[in-house]
Every structure is written in structure tokens, then in C-alpha cells.
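> Any chance you can model this:
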Amino acid sequence: MKRADAVSVQRALYILADQGVGTAPQVKSWIKTRNSVMHGKLVSPYSSLEDDQIILDLAELLRTLTREAARRALSCSLDASLASN
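Residues are numbered from 1 along each chain as shown. Next up is the predicted model:
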């Protein structure tokens, strides 16, 4: 657990993308959104192709991360079940 605190969210997302969980462009969209929010700019008042792509990337990244979290939880659960038998 101590190691988990040493890895930034950004680095963790890139590591996962390197493992095929999400993509680098999705991580870049997350970084761009995070930086905008941290500087007080939540959303653009006008839609653009770039802004639309960022939203699509974020939605796909969330779906991919959720699927991976569920896969890992199931794997741990199955491992624990097999160990107890």
C-alpha cells in the first residue's frame, strides 16, 4: 500500500495504458480536463470537435477502468475462494 501513495494518478494511468487498459490519448484527455478544472475552467461554453473528443475519451477511459477494476476484484475473489478450498 505504501507504494500506491508514491505513484501519481497520472503515472498510474499511463502504466495502465501501457498494459492495454485505456489509451495514451484517453490519459491525455484526463490530464487536460484535470488541469482545466484545477485552474477553475470547468467546461467550455461552446462545443468543438476537440472538446467532444475529450468527452468521448473520458467516457471510454471510465468504462475501461471500471471493467478492469471489476476484473481484478473478481480475480482476487476467485483466488481467495480457491485458496480456502
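> and S48, what are its phi and psi?
Phi and psi for S48, reported as degrees, to the nearest 10, are phi -140, psi 170.
> Now do it, the pLDDT please.
Looking at S48, its pLDDT is 90.
> Same question for R3.
For R3, the model assigns a pLDDT of 63.
> helix or strand right after the helix or strand of the chain with the lowest mean pLDDT?
Ranking every helix and strand in the chain by mean pLDDT, DSSP states H and E puts helix 2-6 at the bottom, with a mean of 68. As assigned by DSSP states H and E, the chain's next helix or strand after helix 2-6 is helix 9-18.
> outside of that next one, which residues touch it?
V7, G22, T23, A24, Q26, V27, W30, I31, L61, L65, E68 (Cβ atoms under 8 Å, 6 or more residues apart in numbering). Where you see a C-beta, it was placed from the backbone N, CA and C, and this is true even at glycine.
> Report the buried members of the residues you listed.
By neighbour count, with 16 or more other Cβ atoms under 10 Å, the contacts of helix 9-18 hold G22, Q26, V27, W30, L61, L65 as buried.
> Turn those residues into a markdown table, including secondary structure.
Output for the buried ones among the contacts of helix 9-18, formatted as a markdown table (DSSP: H, G, I helix; E, B strand; the rest coil):
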| residue | secondary structure |
| --- | --- |
| G22 | coil |
| Q26 | helix |
| V27 | helix |
| W30 | helix |
| L61 | helix |
| L65 | helix |
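> could you dump the residues you listed to TSV with distance to Q53 and pLDDT?
Shown next, in TSV, are the buried ones among the contacts of helix 9-18 (distance: Cβ to Cβ, whole Å; pLDDT from 0 to 100):
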residue	distance to Q53	pLDDT
G22	15	96
Q26	10	98
V27	14	98
W30	13	96
L61	12	98
L65	18	97
